[in-house]
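Peer 1: Take a look and give me a structure for this.
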Amino acid sequence: MQLTIWGRSSSSNTQKVLWVLRELGLGFKLIPASARLGSTSEFLGSGPAFGVVDTDEYAAMNPTRLIPTLKDCSRSDEDSVIVFESHSIVRYLAMAYGPHLYGSTAAGMARASMWMDWALAGNDYSPSFGSANHHLIDEVARTPMTKRNLDVVSRAHIMYCDKLAMAEAELGRTGAPWLSGGADMTLADVPLGVELNRWSLCLHACRRDGVDVCDLSGRKVVFPRLQEYYARLLERPAFRAQVYNQERRHQRLEGQLGWPGTE
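Peer 2: Residues are numbered from 1 along each chain as shown. Coordinates of the predicted model:
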């Protein structure tokens, strides 16, 4: 196999890479790797993690010991390309195998990269997908319902809404179907699509368990353009297979679920 991914299908960062691989029709081998969860650990600490990331061999490829990591042996094993960090990986895949995902121009890559970097931005003083994602998924999918900290869930939802508001405004400003302002999906949509899906399914999971996060937090979901955007994502077989279905299994959700509050 020319392309090998180390990661975990329930990891949102791994999902970004798996989505782009499927979008490009590329074959790959996924090697389970994680310091936090494994095949039998439904909740954090409930079973052994996949591991691998704690080995010297993995650290030689990825000194951060995080996931995902890509190895491309399309030329030869001796001349392989190793990339870590999910956004760097999907940029590499697009440049090597699918330049249409950034418009095949430097300007197109810049437009996509701006929104990819925006998705990573944020800190204690401004909304952050990273913080919101980590706290929401750990409480909703990786902690037993009876032990959830609903204050953490509420704050994470509010932070998601604050961050998503900018994407909602941008889609309204351009009137375009996709985030970078064009008629076709680009790399700009990969981080946003994965984050939007995780947030949406977390709200569904909470509602399944008897908690309406919008009522709990006082923050309603009023994003009409993102609702249409999410529907477009769900029409893409690669997104549905590698992001939506993987996340739905992770959160133990059944049935076909759309925008939160519309089912």
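Peer 1: what about the helices in the stretch 1-150 of the chain?
Peer 2: All helices of the stretch 1-150 of the chain, identified by DSSP state H, counting those that start in this stretch, fall at 12-23, 56-61, 86-97, 106-120, 129-140, 150-174.
Peer 1: Deepest in the core, which of those is it.
Peer 2: Highest mean neighbour count among the helices of the stretch 1-150 of the chain (mean count of other Cβ atoms under 10 Å): helix 12-23, with a mean of 24. (Each C-beta comes from the backbone N, C-alpha and C, glycine too.)
Peer 1: In JSON lines, list the helices of the stretch 1-150 of the chain along with mean pLDDT and distance to Ala183.
Peer 2: Formatted as JSON lines, these follow (pLDDT from 0 to 100; distance: least, Cβ to Cβ, whole Å):
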{"stretch": "helix 12-23", "mean pLDDT": "98", "distance to Ala183": "16"}
{"stretch": "helix 56-61", "mean pLDDT": "97", "distance to Ala183": "37"}
{"stretch": "helix 86-97", "mean pLDDT": "98", "distance to Ala183": "17"}
{"stretch": "helix 106-120", "mean pLDDT": "96", "distance to Ala183": "13"}
{"stretch": "helix 129-140", "mean pLDDT": "95", "distance to Ala183": "25"}
{"stretch": "helix 150-174", "mean pLDDT": "97", "distance to Ala183": "11"}
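Peer 1: which one of these lies closest to Leu187?
Peer 2: Across the helices of the stretch 1-150 of the chain, Leu187 has its closest neighbour in helix 106-120 (4.1 Å, Cβ to Cβ).
Peer 1: mind saving the C-alpha coords of the closest one as CSV?
Peer 2: Output of helix 106-120 as CSV, limited to C-alpha atoms (Å, rounded to 0.1, in the frame of the first residue of the first chain):
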residue,chain,number,x,y,z
ALA,A,106,-1.2,29.6,-5.6
ALA,A,107,-4.1,32.1,-5.0
GLY,A,108,-6.5,29.2,-4.6
MET,A,109,-4.2,27.6,-2.0
ALA,A,110,-3.9,30.9,-0.2
ARG,A,111,-7.7,31.3,-0.1
ALA,A,112,-8.1,27.7,1.3
SER,A,113,-5.2,28.0,3.7
MET,A,114,-6.6,31.2,5.3
TRP,A,115,-9.7,29.4,6.4
MET,A,116,-7.8,26.3,7.4
ASP,A,117,-5.6,28.4,9.6
TRP,A,118,-8.6,30.3,11.0
ALA,A,119,-10.0,26.9,12.1
LEU,A,120,-6.9,26.4,14.2
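Peer 1: that older thread, so which of the helices of the stretch 1-150 of the chain is nearest Glu228?
Peer 2: Across the helices of the stretch 1-150 of the chain, closest to Glu228 is helix 150-174 (Cβ to Cβ), at 8.2 Å.
Peer 1: Quick one: distance of that closest one to the chain centre.
Peer 2: 15 Å (Cα atoms, centre = their mean, to the nearest Å).
Peer 1: got the angle for that helix vs helix 129-140?
Peer 2: 140 degrees (axes from the mean of the first three to the mean of the last three Cα atoms, to 10 degrees).
Peer 1: Are there helices or strands packed against helix 150-174, and which ones?
Peer 2: helix 129-140, helix 189-208, helix 213-217, helix 224-234 (3 or more Cβ pairs under 8 Å, 6 or more residues apart in numbering; DSSP states H and E).
Peer 1: 10 Å - rerun?
Peer 2: helix 106-120, helix 129-140, helix 189-208, helix 213-217, helix 224-234 (3 or more Cβ pairs under 10 Å, 6 or more residues apart in numbering; DSSP states H and E).
Peer 1: Distance to Thr55 added to those helices, as TSV?
Peer 2: Output for those, formatted as TSV (distance: least, Cβ to Cβ, whole Å):
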stretch	distance to Thr55
helix 106-120	27
helix 129-140	24
helix 189-208	27
helix 213-217	38
helix 224-234	35
